[in-house]
Structure formats: structure tokens, C-alpha cells
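**Q** sequence unknown, structure follows:
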DNA sequence: CTCTAGATCTAT
DNA sequence: TAGATCTAGAGG
């Protein structure tokens, strides 16, 4: 199956709010699993209170301030590895969180990693922690750069099948007014997208 | 040191 | 709707 050109660090030099919608429909591949990206979220700048770097430069957030095209993987809720791709120029903390993918190749491997023997592939990777598990991405991939030897992740250009719709980000109610920013994108009408409408309350 | 709040998922 | 599970970052 034909795929587009490989994305390199230059493709991530724009702000995350620009890169995130463009990644909808892109194809990622890692450890024998290939998938189409169907949901992303942007975290942009020191003033974005939902961004981990909003509290300043720390050991954990260091890569967010560094060069773009780098993997920012962190542990969420003590058990889930979430995958981000660093964006924007050096000194400006920004990243795109990959929230959901549709697995097209390597389904059996993905099922195995997810501990789901068979059946519904629809829910195999429709969540930020599910997709890292399916793709075999862990904390030890944190800090790797796209394209460098040893980086298992490849991203290629791809087309969105439906409209690119945006809405509120998920799980960032603590971020005050920043939580209202429409910085989540997904493919409209796509049956696999995690949540058709932004959560309220929660 | 100790404490606590998470960019979640799953089963109940 | 709660429990699993753990670390960065803040406060003493």
C-alpha cells in the first residue's frame, strides 16, 4: 500500500496548533504496526496551562524546549505512556499528543500487546495510552529524534478521509480557560475516533 | 524527606 | 464510579 513521504524534523518546526491538524490522516509505524492517525491534540507555549512546560523548564519537560521532531514520552497516572512529538522552534515548548489511531497493518501484534486476543479492532488504539501500547512505544523512547538510528517511529504524509474537526482537549480541566481552547482535532464521521464531542464536566 | 495530582483505561 | 500504580514537582 502506497504511503507518502517520510516526515522529518522540518515538518514539526511550526507551532503545535498548526502541526496537529496536519497529522490527521498521517501514517505512523513502529515495531511492526502501521496505523492512520485519527486524533491529535496540541500543547503550545509556556502560557498554555495544560502544557507540562507551563510550570517552567524542568528535567522532565526539557525536551519540550529543545529541537522539534523529538519524541516526548511521559508516564501518565503512574501506568500509561503517552506519546508526543515536539514542535516549534527551540526555546518554545510545544508538542502534539497522539490520541487515537486506526491500525491498518500488524493487527495481530497489536492485539497481543494490548492483551486483546481477537475481535473489535475499533477500540484497539482509540486512546493515547492504548496507541502507545499497541505500537510498543514506552518511556525508553523518550527523547529520541524522528529519523535517527534507534528511533522505531516513522511518520508519513497521509490523507484524512473525512473533515478535520476540532474541539476541546480532554482531561485538562485543571488548566482554567486554556482548557476551553479548541486544540484537539479528529476526523469527522470516523467511527473509531474516541469521542465525537468534547467532554464537559468529567 | 513526604505529599499529591495527574494529557488514562478497565471492569464493576 | 473506583481502583490500579508511580513519578515529577512542590512544599517542609
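**A** Now that the structure is in, tell me what you want to look at. If you're wondering where the values come from, they're calculated on a predicted model, not measured in any experiment.

**Q** which stretches of chain A form strands?
**A** Assigned by DSSP state E, the strands in chain A fall at A:27-30, A:33-44, A:71-76, A:80-86, A:94-105, A:154-156, A:164-167, A:184-187.

**Q** which residue is the nearest non-sequential neighbour of the residue nearest to the spatial centre of chain A?
**A** Residue closest to the average C-alpha location in chain A (C-alpha atoms, centre = their mean): residue A:98, at 1.3 Å. Spatial nearest neighbour of residue A:98, excluding adjacent residues (C-beta to C-beta, 6 or more residues apart in numbering): residue A:83 at 5.1 Å. C-beta: built from backbone N, CA, C; applies to glycine.

**Q** okay, the residue nearest to the centre of chain A and residue A:63: tell me how far apart.
**A** Separation of residue A:98 from residue A:63 (C-beta to C-beta, to the nearest Å): 16 Å.

**Q** just residue A:117 next, same as before
**A** Applying C-beta to C-beta to residue A:117 and residue A:63 gives a distance of 36 Å.

**Q** more crowded one of those two?
**A** Set side by side, residue A:117 and residue A:63 show more neighbours around residue A:63, with 22 against 8, by other C-beta atoms under 10 Å.

**Q** now the more buried one: how far from residue A:23?
**A** For residue A:63 relative to residue A:23 (C-beta to C-beta), the value is 18 Å.

**Q** next one: residue A:58
**A** Distance from residue A:58 to residue A:23, by C-beta to C-beta: 26 Å.

**Q** please identify which of those two sits among more neighbours.
**A** residue A:23 (27 against 11).

**Q** related to what we said a few turns ago, how about TSV for the strands of chain A, with mean pLDDT added?
**A** Putting the strands of chain A into TSV (pLDDT from 0 to 100) gives the following:
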stretch	mean pLDDT
strand A:27-30	98
strand A:33-44	97
strand A:71-76	97
strand A:80-86	98
strand A:94-105	96
strand A:154-156	98
strand A:164-167	93
strand A:184-187	94
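
**Q** quick one: closest of those to DNA strand B.
**A** strand A:94-105 (3.2 Å; C-beta to the nearest atom of the strand).

**Q** can you list the buried residues in the closest one?
**A** Residues A:94-103 are the ones in strand A:94-105 that count as buried (16 or more other C-beta atoms under 10 Å).

**Q** now residue A:147, nearest residue through space, not along the chain?
**A** Nearest to residue A:147 is residue A:8, by C-beta to C-beta, 6+ apart, at 5.6 Å.
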